[in-house]
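1. sequence-free structure coming up:
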């Protein structure tokens, strides 16, 4: 299908873009368009004005800093995936990116755009939640930082105000010696996840989990940190019994209702299997000293 | 009484227009088009480049894949307005000459990797983009399947397409 009528502007500066956005309550920000344009072609989204930010100064590029990676608004998925400095600093990112749609989509779609679209099954919101990252929103009132768990509010909804543009996302780099793993269950490779789990952990001298971060997507209206499981696994030897308890604590978090692609019980089974596999894999990687 | 069906076509389009200038297959073009015109429709209707096919119009089938600034992208998920200033390449520019196919096209022909051919331009543009990318290329069956995962074919069952990509690797020396 074709999108319905809309206006289109391509500002050169962020100030101009924010002014345009504030001038029209139905305006939408267009970056790569790989989520917004399908929604518009289906007429699920009907913005009155599209503000294309591809030519806005200062929104390109990735900065690998000491303890985080900063991704500006026009960075495409494929850039994030292939950047050698990103891969060296946090190899989990490359692993996650393999699951984001397909290369031609990753060539166009942006990391920040995916965060703003906030599909509860998508990989980028899960990654930001898992790593405890944040986004920077800029609006007429200035800039503010929004943590991942506060940013994702519900299905396709975020804490971004209508007149704000998310100018960058910040992905904290796991501490040295951490092991990380990510995987998902999908009908077809490149599809949205029916369940996805990411894990980052460090081990102490006794081979017990010193720190652990676990997050899942595809199971609720937004990506979730599995805090109950984290609390149970922290300080444990990550033995089968520990994993059983962690899975049991996480299953009630599955609130997606039954649908054609997956029943609730299927999602629960997938979530349980992924938690076990990802914790074990992350621990193996931490032990071997290679993060992947 | 026989009913007459009258088409309801407005005299004048209400679509706001925008002037776009871009390079398509090495040629500079400028057109005034609707702001909501998709790049796929721009190529087909404004320029007559009907080799770019339109299947699903929501990014799933991959038939409309073209190169946007040197990288494969969905022309149905790109507005013509977004392509202002961009360098676009379509399937029409791929063959070496009127009579000589590009090695990827040749491989598709040799391996009988198409039946109706509707998906083929998108397949070729996608694979070509990967072949032109610097860095290693995984031409194992698994790697090729991953490469093709964003292109749907409803005729062949993919076996011959996978063989064609492997053959294209041989023909271009990217094994």
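-> Great, that's in hand. What you are looking at is a predicted structure, and each value in this text was computed from that prediction instead of being measured.

2. how about the strands in chain A?
-> In chain A, strands defined by DSSP state E lie at A:7-9, A:27-30, A:49-52, A:62-64, A:68-72, A:134-139, A:142-147, A:152-154, A:157-158, A:165-172, A:179-185, A:195-203, A:209-217, A:224-225, listed in chain order.

3. for the fifth one, packing partners?
-> What that stands for is strand A:68-72. strand A:62-64, helix A:111-117, strand A:165-172 (3 or more Cβ pairs under 8 Å, 6 or more residues apart in numbering or on different chains; DSSP states H and E). Just so you know, the C-beta spots here come from the backbone N, C-alpha and C atoms, and that holds for glycine as well.

4. so it versus strand A:165-172, what angle?
-> Strand A:68-72 and strand A:165-172 meet at an angle of 160 degrees, taking axes from the mean of the first three to the mean of the last three Cα atoms, to 10 degrees as the criterion.

5. residues contacting residue 175?
-> In the absence of a named chain, chain A is used. The contact partners of residue A:175, taken as Cβ atoms under 8 Å, 6 or more residues apart in numbering or on different chains, are A:202, A:211.

6. hmm, I had chain B in mind actually
-> B:139, B:169.

7. the closest residue to residue B:24 other than its chain neighbours is in what secondary structure piece?
-> Of all residues not flanking residue B:24 in the chain, residue B:88 sits nearest, at 4.7 Å (Cβ to Cβ, 6 or more residues apart in numbering or on different chains). Assigned by DSSP states H and E, residue B:88 belongs to strand B:87-89.

8. pLDDT of that strand, averaged?
-> Averaged across strand B:87-89, pLDDT comes to 98.

9. do the helix or strand following that strand and chain A meet?
-> Note on strand B:87-89: by DSSP H and E, the next helix or strand toward the C-terminus is helix B:103-110. No - applying Cβ under 8 Å from any Cβ of the partner chain, one finds helix B:103-110 out of contact with chain A, separated by at least 15.3 Å.

10. what's the most buried one of the strands of chain A?
-> strand A:195-203 (a mean of 26; mean count of other Cβ atoms under 10 Å in any protein chain shown).

11. against which helices or strands is that strand packed?
-> helix A:91-97, helix A:123-131, strand A:179-185, strand A:209-217, helix A:264-288.

12. quick one, domains of the chain?
-> Here I'm looking at chain A. Residue ranges for each domain of chain A read A:7-52, A:62-172, A:179-288, as given by automatic domain parsing.

13. was after chain B, sorry
-> According to automatic domain parsing, the ranges for chain B are B:17-91, B:103-172.

14. looking at those, which is buried most?
-> Ranked by mean neighbour count, those are led by domain B:17-91 with a mean of 21 (mean count of other Cβ under 10 Å).

15. so what's the residue in chain B positioned nearest to chain A closest to, chain neighbours aside?
-> Nearest to chain A in chain B, going by Cβ to the nearest Cβ, is residue B:150, at a distance of 2.8 Å. Of all residues not flanking residue B:150 in the chain, residue A:102 sits nearest, at 2.8 Å (Cβ to Cβ, 6+ apart).

16. I figured that neighbour was touching residue B:149, is that so?
-> Yes - with contact defined as Cβ atoms under 8 Å, residue A:102 reaches residue B:149; the gap is 5.4 Å.

17. list the contacts for whatever residue of the stretch 51-200 of chain A ends up closest to chain B?
-> Minimum separation of the stretch 51-200 of chain A from chain B (Cβ to the nearest Cβ) falls at residue A:102, amounting to 2.8 Å. Taking Cβ under 8 Å, 6+ apart, we find residue A:102 in contact with A:190, B:62, B:149, B:150.

18. quick revisit: make CSV out of the helices and strands packed on strand A:195-203 and add distance to residue B:135 and mean pLDDT.
-> Output for those, formatted as CSV (distance: least, Cβ to Cβ, whole Å; pLDDT from 0 to 100):
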stretch, distance to residue B:135, mean pLDDT
helix A:91-97, 13, 97
helix A:123-131, 22, 98
strand A:179-185, 22, 97
strand A:209-217, 29, 98
helix A:264-288, 24, 97
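
19. turn these into JSON lines, including distance to residue B:41.
-> Formatted as JSON lines, the helices and strands packed on strand A:195-203 follow (distance: least, Cβ to Cβ, whole Å):
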{"stretch": "helix A:91-97", "distance to residue B:41": "30"}
{"stretch": "helix A:123-131", "distance to residue B:41": "29"}
{"stretch": "strand A:179-185", "distance to residue B:41": "34"}
{"stretch": "strand A:209-217", "distance to residue B:41": "34"}
{"stretch": "helix A:264-288", "distance to residue B:41": "39"}
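
20. just put these in TSV and tack on distance to chain B.
-> Converted to TSV, these look like this (distance: least, Cβ to the nearest Cβ, whole Å):
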stretch	distance to chain B
helix A:91-97	12
helix A:123-131	15
strand A:179-185	14
strand A:209-217	20
helix A:264-288	19
